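Asks: prediction below, plus the sequence it came from.
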Amino acid sequence: MAIIQTRLGDGSRIEMTASEMRAEVEEGVEAAVKRARVPRLTASEVDHLCDIFCSNARFSAVDVGDEVILSTDGTCSLEGGSTTEQLLTYQNNLGADTLELATDDYSYKAVKTFVTTEAYRMKMAQLHVVAPAQYGAMPDLGRYSQPDGPIANWSELMPLGKIAEARAAQEEAVELAIDDMVFVAGHLWEGGADGIDFDTGGASGDADLLATLRTTEILREKYPTMGIQMGMAAEMVLGMHGELTYDGKRLAGMWPAQQQEVVEKAGATVFGPAVNVNTTRSVAWNVARACALIKPCMEKAHIPVHPNVGMGVCGVPMTAIPPGDALTRASRALVDILKVDGL
Amino acid sequence: MLGMHASHELACGMGGIRTAGDLVGRMQMTRGMRLVEAKRFVAERLGVSTVDLSDPVVMRDVRRELGLGLIPVDELVFAGEPGAMEAKFRIAAVLDVPINSVERFRERVGDL
């Protein structure tokens, strides 16, 4: 019986037979169906996933003609070199389809304090790059709570049973975050940015996502041609507040298909669903689960869907140096099965 | 994440300015076009097939002919050809879409 070399979600190597691999794929799909009540993948989709994962090739790729767009969350995190040099490295040496200028403290609240520098860096970069370049950071609502910010810490209030106070604190933080994100985006637009990336929307829960959606709405009205990418922090929106709604829909508990609806409604141009990796299950299980969770988005989206395929999401192992054999299988599977618009 | 980006690119990326990846990406990022629509739009504008869009051999000639910006490989790029900002002026014209940095550049140069 042929032995297949594969990996767990933490990147460590394991071996399986073909029948064990099929069982992993089927269980991954079932996990998504049970948790999010999404439809099962079709038999031919399951078969194709098994084909991708039952190969011992060290690299996997889509067919010629099926290539997709790669968007990013920061193409200036290399060691050494100016921002512009790093963007040029991604453009000229790595074939990046789109670029993203960012800073190490990847948070709009932090960027606000030196936004003029960032806007000027964008202006200089735009003189040198051809590929579209956006600016990215996190909405990062948690930064507005004490001790980092001015507002009472809702994570400390809730265990004390002060639910109303915790909710009020989050609502207050939403307003501050919107002000900061609109302010920063406006400066970067003046610097010539092609777009703005709100990375890990919902990282602090439903209030975090609400701030990002309302910011998107404001920016869309103010800058009709601005690119706005919204990548999610997790597969399901955490209900840290629990009662917040957007467009009449409760944000807490939303899965990718519902997230995509509100992101599109707010006026974003690219939606990035994220499905968290279970490090104790195989890459095949994680990829199958991610495909089943995201598939409902693909049928009804009117804007490009770019699933997040960074470390620890959508099947890419949760390890600092992701192995190419696992990473490219996740990449290829999402394109082949879901026909995603990009990654 | 150098290795991560390179692996994704080789596995399924369009190739950026090596091909027409930046042009299709621009239509997605700033116009919200889905992939099939964006590829078709760019292919029609450039007069090529959608498969050609990911072919660096075809696209190098198309980009050179239309002045859309090239990877600066020493022996193949000449000072007389459009640089980055110049190429973006041409991309805006060929795709018939406004590009923010081009608009800002034009606005700040003003009517001389």
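Replies: All right, it came through fine. Numbering: from 1, shown residues only, chains lettered A, B, ... in the order given.
Asks: surely residue A:254 is within a helix?
Replies: No - Residue A:254: not assigned to a helix; according to DSSP: H, G, I helix; E, B strand; the rest coil it is coil.
Asks: so what's it up against?
Replies: A:209, A:236-237, A:262 (CB atoms under 8 Å, 6 or more residues apart in numbering or on different chains). No exception for glycine: its C-beta is placed from N, CA and C like everyone else's.
Asks: okay, and for the chain, where does confidence drop off?
Replies: Went with chain A since none was named. For chain A, the stretches with pLDDT under 70 are A:1.
Asks: that's the wrong chain, I meant chain B
Replies: B:1-2, B:74-76.
Asks: where exactly do the helices run in it?
Replies: B:2-12, B:21-31, B:35-46, B:56-66, B:84-95, B:100-109 (DSSP state H).
Asks: can you lay out the ones you listed as JSON lines showing mean neighbour count?
Replies: Output for those, formatted as JSON lines (neighbours: other CB atoms under 10 Å in any protein chain shown):
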{"stretch": "helix B:2-12", "mean neighbour count": "20"}
{"stretch": "helix B:21-31", "mean neighbour count": "28"}
{"stretch": "helix B:35-46", "mean neighbour count": "19"}
{"stretch": "helix B:56-66", "mean neighbour count": "16"}
{"stretch": "helix B:84-95", "mean neighbour count": "19"}
{"stretch": "helix B:100-109", "mean neighbour count": "16"}
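Asks: can you add distance to residue A:153 and give these back as a markdown table?
Replies: As requested, these are arranged in a markdown table below (distance: least, CB to CB, whole Å):
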| stretch | distance to residue A:153 |
| --- | --- |
| helix B:2-12 | 34 |
| helix B:21-31 | 36 |
| helix B:35-46 | 42 |
| helix B:56-66 | 52 |
| helix B:84-95 | 45 |
| helix B:100-109 | 38 |
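Asks: which one of those lies closest to residue A:277?
Replies: helix B:2-12 (14.0 Å; CB to CB).
Asks: still on that earlier bit, save the helices of chain B as TSV, and put in distance to chain A too.
Replies: Formatted as TSV, these follow (distance: least, CB to the nearest CB, whole Å):
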stretch	distance to chain A
helix B:2-12	4
helix B:21-31	4
helix B:35-46	4
helix B:56-66	9
helix B:84-95	5
helix B:100-109	3
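Asks: which one of those helices lies nearest to residue A:42?
Replies: Per CB to CB, nearest to residue A:42 of the helices of chain B: helix B:35-46, 20.4 Å.
Asks: could you give the number of residues near the closest residue to residue A:338 other than its chain neighbours?
Replies: For residue A:338, ignoring the flanking residues on the chain, the nearest one in space by CB to CB, 6 or more residues apart in numbering or on different chains is residue A:298 at 5.2 Å. Neighbours of residue A:298 under the rule other CB atoms under 10 Å in any protein chain shown: 20.
Asks: wouldn't residue A:298 be in contact with residue A:340 here?
Replies: Yes - counting by CB atoms under 8 Å, residue A:298 does reach residue A:340; the two are 7.0 Å apart.
Asks: quickly list what's touching both of the two.
Replies: Common neighbours of residue A:298 and residue A:340 (CB under 8 Å, 6+ apart) are residue A:305.
Asks: in chain A, which spans are helices?
Replies: Using DSSP H, helices in chain A cover A:18-36, A:43-53, A:83-88, A:108-111, A:115-126, A:154-157, A:163-190, A:206-222, A:256-266, A:283-300, A:324-338.
Asks: need the CA coordinates for the fourth one. PDB is fine.
Replies: The C-alpha trace of helix A:108-111 is given here as PDB (Å, rounded to 0.1, in the frame of the first residue of the first chain):
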ATOM      1  CA  TYR A 108      -4.500  52.000  12.200                       C
ATOM      2  CA  LYS A 109      -4.400  53.500  15.700                       C
ATOM      3  CA  ALA A 110      -0.700  53.300  15.800                       C
ATOM      4  CA  VAL A 111      -0.200  54.600  12.300                       C
END
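Asks: which elements pack onto that helix?
Replies: strand A:133-137, helix A:163-190 (3 or more CB pairs under 8 Å, 6 or more residues apart in numbering or on different chains; DSSP states H and E).
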